[in-house]
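Visitor: missing the sequence, but the structure's below:
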């Protein structure tokens, strides 16, 4: 049921407007605010346009007239829908992210209104939007395959694991390099700080596996991670295991190799291997192990030798093994929550 503003007294209508604008600025979507207050969605964007032109006082229902805003309710609604529902690439922009500069250009092209970047940022905040790190997905990813994994395949694996008393691990491989750095460092304005490092580059290849219960297992590989190396890691997972082990990994040829399949089949039901949908690393909680290692382990250190790198990597991963709550937290990200215990 919609609320007819014409039937409300000025005080009530003013309060309704302020509640609506405040709710949107607090992060609620304009659609949900409109539904909660019983008003039309266009009405919510008209309120937002009024607020943008004159602040809370502009929402006073007793005040009428004045010059029309540069961006009215209809314009704000179009901007909101465009930023939320489309990417810049769909509008033939060469960039993939909605930066303030990109939205600034969008508004100028569409409405002929030139806003500063700070004004654009305020506008987006006023509409309940915020700057966020995006989730990257490969364009080759098949959404139907992902949906089938989430709704059919993984639930089937969970039911089988429960039936057989098995532990589920998500596994992945990664390489770390001596010249990787993360984070920022302060310095003189206009002069980019320089971090010294050795000119000799070297790296380390690893395999790890995590469970929703907070277990972390890992192994350093000598050279490339081949099918034989992967089998060696699977053997480690089986040592002292009192229940069957289910391993979920991506579709890399190493994991699909015939010798891997033969090894799994030879374990008499104590080991099972499942493959994630193609181009879907965001579905694997084990990716966060590498993110943690690179950003909190070696990414902020100056690594000067292969020996030092190995020691730093092992030290960080051993420490992470002692923090099951953090490992279990890798299963609480938006794209991995489906796999939480």
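Guide: Structure received. Everything numeric here is computed off the predicted structure, so don't read it as measured data.

Visitor: care to break this protein down by domain?
Guide: Structural domains assigned to the chain are 5-126, 143-181+198-339, following automatic domain parsing.

Visitor: Could you export these as CSV, including mean pLDDT, distance to residue 132 and mean neighbour count?
Guide: The way it works is simple: take the backbone N, C-alpha and C, and place the C-beta from them, glycine included. Output for the domains of the chain, formatted as CSV (pLDDT from 0 to 100; distance: least, CB to CB, whole Å; neighbours: other CB atoms under 10 Å):
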stretch, mean pLDDT, distance to residue 132, mean neighbour count
domain 5-126, 81, 10, 16
domain 143-181+198-339, 90, 11, 16
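
Visitor: Isn't residue 110 up against residue 78?
Guide: Yes: with contacts counted by CB atoms under 8 Å, residue 110 reaches residue 78, the gap being 7.1 Å.

Visitor: Show the residue spans covered by the strands in the stretch 51-200 of the chain.
Guide: 167-177 (DSSP state E, counting those that start in this stretch).

Visitor: what about the helices in it?
Guide: Secondary structure of the stretch 51-200 of the chain by DSSP state H, counting those that start in this stretch: the helices cover 73-85, 100-111, 117-126, 143-148, 154-164.

Visitor: any chance of these in CSV, plus distance to residue 211?
Guide: Output for the helices of the stretch 51-200 of the chain, formatted as CSV (distance: least, CB to CB, whole Å):
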stretch, distance to residue 211
helix 73-85, 36
helix 100-111, 41
helix 117-126, 40
helix 143-148, 22
helix 154-164, 11
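
Visitor: Could you list which residues are in contact with residue 288?
Guide: 210, 330, 333, 336 (CB atoms under 8 Å, 6 or more residues apart in numbering).

Visitor: I'd like to know how far the closest residue to the third one other than its chain neighbours sits from residue 331.
Guide: Put plainly, it is residue 333. Closest residue to residue 333 apart from its sequence neighbours, by CB to CB, 6 or more residues apart in numbering: residue 288 at 6.9 Å. Counting by CB to CB, to the nearest Å, the separation of residue 288 from residue 331 is 9 Å.

Visitor: shared neighbours of these two, anything?
Guide: With CB under 8 Å, 6+ apart as the test, residue 288 and residue 331 both reach residue 210.

Visitor: so how far is stretch 105-118 from its chain's centroid?
Guide: 29 Å (CA atoms, centre = their mean, to the nearest Å).

Visitor: Quick check: end-to-end length of that stretch?
Guide: Start-to-end span of stretch 105-118 (CA to CA, to the nearest Å) is 13 Å.

Visitor: contacts for that stretch?
Guide: In contact with stretch 105-118 (CB under 8 Å, 6+ apart) are residues 70-71, 75, 78-79, 82, 88, 91, 93, 100-101, 104, 120, 123.

Visitor: how about a cut-off of 10 Å?
Guide: 69-72, 74-75, 78-79, 82-83, 86, 88, 91, 93, 95, 98-101, 103-104, 119-123 (CB atoms under 10 Å, 6 or more residues apart in numbering).

Visitor: Present the contacts of residue 288 as CSV; the columns should include distance to residue 267 and secondary structure.
Guide: Shown next, in CSV, are those (distance: CB to CB, whole Å; DSSP: H, G, I helix; E, B strand; the rest coil):
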residue, distance to residue 267, secondary structure
210, 21, strand
330, 26, helix
333, 31, coil
336, 27, coil
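
Visitor: Farthest pair within those residues?
Guide: Spatial extent of those (CB to CB) is set by the pair 210 and 333 at 12.2 Å.

Visitor: Could you pull out the residues contacting both of these two?
Guide: Between them, residue 210 and residue 333 share the contacting residues 285, 287-288, 339, judged by CB under 10 Å, 6+ apart.

Visitor: of those, closest to residue 229?
Guide: residue 287 (19.3 Å).

Visitor: thought the closest one was touching residue 249?
Guide: No: here residue 287 does not reach residue 249: they are 11.5 Å apart, not a contact under CB atoms under 10 Å.

Visitor: shared neighbours of these two, which are they?
Guide: 170, 172.

Visitor: ok, residue 163 to residue 338 distance?
Guide: Distance from residue 163 to residue 338, by CB to CB: 19 Å.

Visitor: Surely residue 251 is within a strand?
Guide: No: the assignment for residue 251 (DSSP: H, G, I helix; E, B strand; the rest coil) gives coil, which keeps it out of a strand.

Visitor: Phi and psi next, for it.
Guide: phi -90, psi 30 (degrees, to the nearest 10).

Visitor: and if you look at the one 3 residues further on?
Guide: Main-chain torsions, residue 254, degrees, to the nearest 10: phi -60, psi -40.

Visitor: Then residue 26?
Guide: phi -80, psi 0.

Visitor: and the closest residue to it other than its chain neighbours, how many neighbours does it have?
Guide: Take residue 26 and drop its neighbours on the chain: the residue closest to it by CB to CB, 6+ apart is residue 128, 7.4 Å away. Counted with other CB atoms under 10 Å, residues neighbouring residue 128 total 20.

Visitor: wait, residue 128 sits on residue 76?
Guide: No: judged on CB under 10 Å, residue 128 makes no contact with residue 76 at a distance of 11.1 Å.

Visitor: do you know how far the nearest residue to residue 53 once chain neighbours are set aside is from residue 123?
Guide: Excluding its sequence neighbours, the residue lying closest to residue 53 (CB to CB, 6+ apart) is residue 69, at 4.4 Å. The spacing between residue 69 and residue 123, counted by CB to CB, is 11 Å.
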